[in-house]
Structure formats: C-alpha cells, structure tokens
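1. Sequence and computational prediction follow.
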Amino acid sequence: MLDYKFAYLSLALLYMLAWLGVFWKTPWKSGMIKVGFIGGIMGVIAEVWYFRDYWRPPTLFSDGGMIGIEDFIIGFALFGVGGYIHTAYTRKEIDFEREEPAKNFHFFILFLLGSGSLTLFSIGLGFHSGYVTFITFFLLSVYIWIQRPDLIGISIQSAFLTLGISFIIYFINFNLLFPDFWTKYGMLEKPILGVRILNIPLSEMLWHFTWAMLCSMFRGYRNGVYYKSYDPQVD
C-alpha cells in the first residue's frame, strides 16, 4: 500500500504529464510557461478557501491542512492545460485580420470578482467552497460568452477535453493508487459534492470542467485575440 502522503504529489505529477502533452503540441510555448507560474501562485493561494471545507490532503512535509509544493505544481499544470489545450488539439490559429485592443482592466476586474465571490460566499457567508467555485467559474464564463460569443466553441471544447483528461487522471490516482483518499481527506458530504462516479467526486469533475471552460478564454479575451480554423493550404 502506497503512503497517502504521496497521493497529492501523484495527482500533481499526473497533471504535469498532461501539461507536457499540451506543451508539445501548442505553438505558444513561452506563453504557456508564463501562465503556468501565475497558476502555481494561484494554486497556493486557493488553499485559503479549500482547506476550510473542501479537503486537507497530506503532502510530503505535512499530515494535511498545510500548503505544499504540490499546490504550486498542480496550479502550474492546470493553468497550462485549461488555458492552452484548445491551441494544441482544436486546430485553431490566431486571426490577425480581426484583433481588438487588450482588455487588461476588464480582466483584472474579473479576477477581483472571482476572488471576491469565493471570499464572500465561502468564508464570509459560509457556503461550501465547492458550490461557490464551480458556480463562480460558470457565471464568469457566461459573462465572457456574452461579450465574445466567438469564444464559446473554444470554451466548450476545452472543457470537455480537460474533463476527459481529468477523469483518466483521477481514475488512476484514486482507484488504482489511493482508493481511500477522499474518504480520509475530503470534506464533501454535501448534495452533489458527495456523489462519486467510479470513486471520483462529481465536485472534482465539475471543478475541472468549469475551470477549463473559463480559463481557455483568458488569452483571447484579455489580449483581444480572435481565432480561426487552421488552414493547411496557407503553409
């Protein structure tokens, strides 16, 4: 039996394998690395919300409830996979004939709204962070869809691709390697959140689905970038 202190690290490293797959295929490798470091920092910060009521996974250097290197690794991987999977596997390229000014201020406001929502509703009002997270991700996605309906396709495709990858990773990690993880370290005894499919919490799949739905649009929305289908005849 593997020591459960390796469970979170194993999960993070499996996502890094997915990250490498996307990195190998995407044409925007430098951007994916830069976004990854931002994601690593956010992965650490996010535990402010999740340690309260979502989970307290053991790490290499603690028995749970403390930030570890695993938080940075998985944040790095999730920002890269969710944000760039469409550039690797959906045959899209930048449409240089259809650009608009960057929306850095609008993007910053979205960041504040997302962080504020998690803080207010989870910490302030006591709603479970699982519900608050995927509802927040979904509503922010809809906000961007309204302004940029051209990004809806990329958003949905990325969400399903990431969901498929996540399901495989979770099946390996929480069925074959660490089958009792969520019983020991999860705090998901709530409607919907507590449902498991093949020992995988539905809440985790909703998290990854809605995260990729939102994250995949960051580059296009913030930078004013439009995409078009790849045309091999141009090469």
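-> Sure thing, it's come through.
2. quick one: contacts of the lowest-mean-pLDDT helix or strand in the chain?
-> One helix or strand of the chain scores below all others by mean pLDDT, DSSP states H and E: strand 92-94, with a mean of 76. Contacts of strand 92-94 from elsewhere in the structure, counted by CB atoms under 8 Å, 6 or more residues apart in numbering, are 27, 86, 154, 225, 226, 227, 228, 229, 230, 231. Bear in mind the C-beta positions are built from the backbone N, C-alpha and C, glycine included.
3. Same question for the nearest residue to the first one once chain neighbours are set aside, what's its three-state structure.
-> Nearest-residue entry for residue 27: residue 87, 6.6 Å, with adjacent residues in sequence omitted and distances by CB to CB, 6 or more residues apart in numbering. The three-state label given to residue 87 by DSSP: H, G, I helix; E, B strand; the rest coil is helix.
4. Hmm, residue 29 and residue 87 touching each other?
-> No. Residue 87 is not in contact with residue 29 according to CB atoms under 8 Å; the separation is 9.9 Å.
5. Of those two, give the one with the bigger neighbour count.
-> Relative neighbour count places residue 87 above the other of residue 87 and residue 29, with 24 against 15, counting by other CB atoms under 10 Å.
6. Might you report the residue contacts of that one?
-> Remark: with contacts taken as CB under 8 Å, 6+ apart, residue 87 is in contact with 22, 25, 26, 27, 28.
7. And those, which is closest to residue 181?
-> The shortest approach to residue 181 among the contacts of residue 87 belongs to residue 22, at 25.3 Å (CB to CB).
8. ok, that closest one - how many residues close by?
-> Counted with other CB under 10 Å, residues neighbouring residue 22 total 24.
9. ok but it is inside a strand, no?
-> No. Residue 22 sits outside any strand when classified using three-state DSSP, being helix.
10. Nearest spatial neighbour of it, chain-adjacent residues omitted?
-> In space, not counting the residues next to it along the chain, residue 22 is nearest to residue 88; the distance is 4.8 Å by CB to CB, 6+ apart.
11. Next: residue 54.
-> The spatial neighbour of residue 54 that comes closest, neighbours along the chain excluded (CB to CB, 6+ apart), is residue 129 at 5.0 Å.
12. Next: residue 9.
-> Once its chain neighbours are removed from consideration, residue 9 has its nearest residue in residue 70; the separation is 5.1 Å (CB to CB, 6+ apart).
13. Endpoint to endpoint, stretch 40-53 covers what distance?
-> One end of stretch 40-53 sits 21 Å from the other (CA to CA, to the nearest Å).
14. sorry, back to before: quick one: residues contacting the residue nearest to residue 9.
-> With contacts taken as CB under 8 Å, 6+ apart, residue 70 has the following neighbours: 8, 9, 11, 12, 57, 59, 60.
15. Mind checking which of those residues are buried?
-> Neighbour counting with 16 or more other CB atoms under 10 Å marks 8, 9, 11, 12, 57, 59 as buried within the contacts of residue 70.
16. any idea where the helices of this protein begin and end?
-> Counting by DSSP state H, the chain forms helices over residues 7-25, 29-45, 47-53, 69-89, 104-117, 129-147, 152-171, 181-185, 202-215, 218-223, given from the N-terminal end onward.
17. So which bits of the shortest one are buried?
-> Read it as helix 181-185. If you call a residue buried by 16+ other CB under 10 Å, then helix 181-185 has these buried ones: 181, 182, 185.
18. Dump these to JSON lines, plus pLDDT and distance to residue 110.
-> Listed next are these as JSON lines, based on pLDDT from 0 to 100; distance: CB to CB, whole Å:
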{"residue": "181", "pLDDT": "96", "distance to residue 110": "32"}
{"residue": "182", "pLDDT": "96", "distance to residue 110": "31"}
{"residue": "185", "pLDDT": "95", "distance to residue 110": "31"}
